[in-house]
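> Return atomic coordinates for the entry below.
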Amino acid sequence: MSKNRLWKTFSALTDIYSPSFGERQLCEHLKVKLTELDISVYEDDAGEKIGGNCGNIYGFLPGVNCENTEPILFSSHMDTVEPAKGKKAVLKEDGTITSDGTTILGADDAAGISVIIEAITRLKEESTPHRPVELLFTVAEERAVSGATATEYSRIRSKEAYVLDLGGPIGAAANAAPTILHFSIIVHGKAAHAGVDPKSGIHAISAAAKAIARITLGEPEPGLTCNIGTIKGGGLTNVIPDRCELVGEIRSLTHERALAHLDEVNSIFKEEAEKMGATITAESSINITAYETPMDAPVTKRFQKSCEAVGVKSSINPTQGGSDNSVFALHGISGLVISCSMYDVHSTSEWCNLDEMELCVQLVMNLITQTD
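Here you go, the predicted structure:
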């Protein structure tokens, strides 16, 4: 019966269209679910801050027979990537859940939300002693963790958190994540007639191409990635292009290394531009800052203990992906991002597994009931 309820909760969540900055319907649905569980609910003003139609949802569940223990935070995000309109979850006989193949499934992160709700439901049904629990369901995680950034941290008392937002089998967790910075570089050349007077022009695309040829894209070194995602410039075929714009990103598990690599990229572009008489304009922004939760931290040890209790092997490693946990770390909250059964995310092939989600429910219940 409980597993069937878990499926119904997940199916109802995935039925709702909740793109980044447009999570209002899902927000209202969750408010009802949490209120039914006698959880105090508060919606913050993150939506107003970031231009969305709703805020983050904060919930608090008092402890039972261990009220003096420290609270613990559980979090998942409400938004999804596209294509998501009209998505429907399809449960197969082997427990695999997919969409119909025309949209994403939305297990990222409906799986996390469903697991948290079911775990708390069972604890209340069984009157199981547990520590105080704080909940945070964020908006716009898929957009540079905007919702978590706009959260009212003065309200949150927890110093430890588990973010259910990782792919892979149950027992997998991420204890470190990279700095992610975006950069744009504009090469400014000089326009000229490409057929009549090409020598008087300065070819912006050529200068940019020579710079790109010197940069190692992909993984220049372990723990560091660099990518140029878009490039545009030029117009008519008979005009020397006077402008070429590139947009990319750099990720590194070490914050200082990400900044240093950005300097290297900018220097290469400047050198190649100057060789041809061109100039550059460079801008960058840091979307996420690197963090690492130690393996001997209490939040990590508790996770390992809970994995052992429910019969799964823990596997804790760094990830190159971003999550709300990166923002939590900036506010002094020590946390892990844990798997809740999601695979091939951000694609129409996305899937999850009901049996794995059930196992994750047991894991979360154990995390909440541990009081040491």
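
> From here on, just use CA atoms for contacts and neighbour counts.
Fine.

> Val327 is in contact with Ser146, isn't it?
No. Val327 is beyond contact range of Ser146, at 9.5 Å (criterion: C-alpha atoms under 8 Å).

> Distance from the chain centre to the helix ranked longest in the chain, please.
Taking DSSP state H as the criterion, the chain has its longest helix at helix 255-275. Distance of helix 255-275 from the chain centroid (C-alpha atoms, centre = their mean, to the nearest Å) equals 27 Å.

> Give the buried residues for that helix.
Under the neighbour-count criterion of 16 or more other C-alpha atoms under 10 Å, helix 255-275 has 255, 257-259, 261-262, 265-266, 268-273 buried.

> How about the backbone phi and psi for Ala282?
Main-chain torsions, Ala282, degrees, to the nearest 10: phi -120, psi 140.

> Contact partners for it?
183-186, 266 (C-alpha atoms under 8 Å, 6 or more residues apart in numbering).

> how many other residues sit next to Ser127?
11 (other C-alpha atoms under 10 Å).

> give me the element Phe303 is part of.
Element membership of Phe303, judged by DSSP states H and E, is helix 298-310.

> ok, back up a step: got the buried residues of helix 255-275 as TSV, with pLDDT columns?
TSV is the format used below for those (pLDDT from 0 to 100):
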residue	pLDDT
His255	96
Arg257	97
Ala258	97
Leu259	98
His261	98
Leu262	98
Val265	98
Asn266	98
Ile268	98
Phe269	98
Lys270	98
Glu271	98
Glu272	98
Ala273	98
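
> doesn't Phe183 make contact with Cys226?
No. In this structure, Cys226 is not within contact of Phe183 by C-alpha under 8 Å, at 10.5 Å.

> tell me, what's touching these two both at once?
With C-alpha under 8 Å, 6+ apart, Cys226 and Phe183 have common neighbours 248-250.

> Turn those into TSV, columns for pLDDT, secondary structure and neighbour count.
Converted to TSV, those look like this (pLDDT from 0 to 100; DSSP: H, G, I helix; E, B strand; the rest coil; neighbours: other C-alpha atoms under 10 Å):
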residue	pLDDT	secondary structure	neighbour count
Gly248	98	strand	16
Glu249	97	strand	20
Ile250	98	strand	25
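
> right, and Thr121 touches Thr35 too?
No. Under the criterion of C-alpha under 8 Å, Thr121 is not in contact with Thr35, lying 11.6 Å apart.

> neighbour count winner among the two?
Thr121 (18 against 12).

> And the more buried one, which helix or strand is it part of?
helix 107-125.

> Show me the contact partners of that helix.
2, 5-6, 9-10, 13-14, 34, 37, 74-80, 129, 137, 164-165, 340-342, 345, 350-352, 357-358, 360-362, 364-365.

> from the residues you listed, which ones fall inside helices?
Of these, the ones assigned to helices by DSSP H are 2, 5-6, 9-10, 13-14, 34, 357-358, 360-362, 364-365.

> Extract the C-alpha set from the longest helix of the chain and format it as CSV.
Only the C-alpha atoms of helix 255-275 are listed here, as CSV (Å, rounded to 0.1, in the frame of the first residue of the first chain):
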residue,chain,number,x,y,z
HIS,A,255,37.5,27.6,-6.9
GLU,A,256,40.9,29.3,-7.4
ARG,A,257,41.8,26.9,-10.3
ALA,A,258,38.6,27.9,-12.1
LEU,A,259,39.5,31.6,-11.8
ALA,A,260,43.1,30.9,-13.0
HIS,A,261,41.9,29.0,-16.0
LEU,A,262,39.6,31.9,-17.0
ASP,A,263,42.6,34.2,-16.9
GLU,A,264,44.4,31.8,-19.2
VAL,A,265,41.5,31.7,-21.7
ASN,A,266,41.2,35.5,-21.7
SER,A,267,45.0,35.9,-22.2
ILE,A,268,45.0,33.6,-25.2
PHE,A,269,42.1,35.5,-26.8
LYS,A,270,43.8,38.8,-26.1
GLU,A,271,47.1,37.5,-27.6
GLU,A,272,45.5,36.2,-30.8
ALA,A,273,43.4,39.3,-31.2
GLU,A,274,46.4,41.6,-30.8
LYS,A,275,48.4,39.7,-33.4
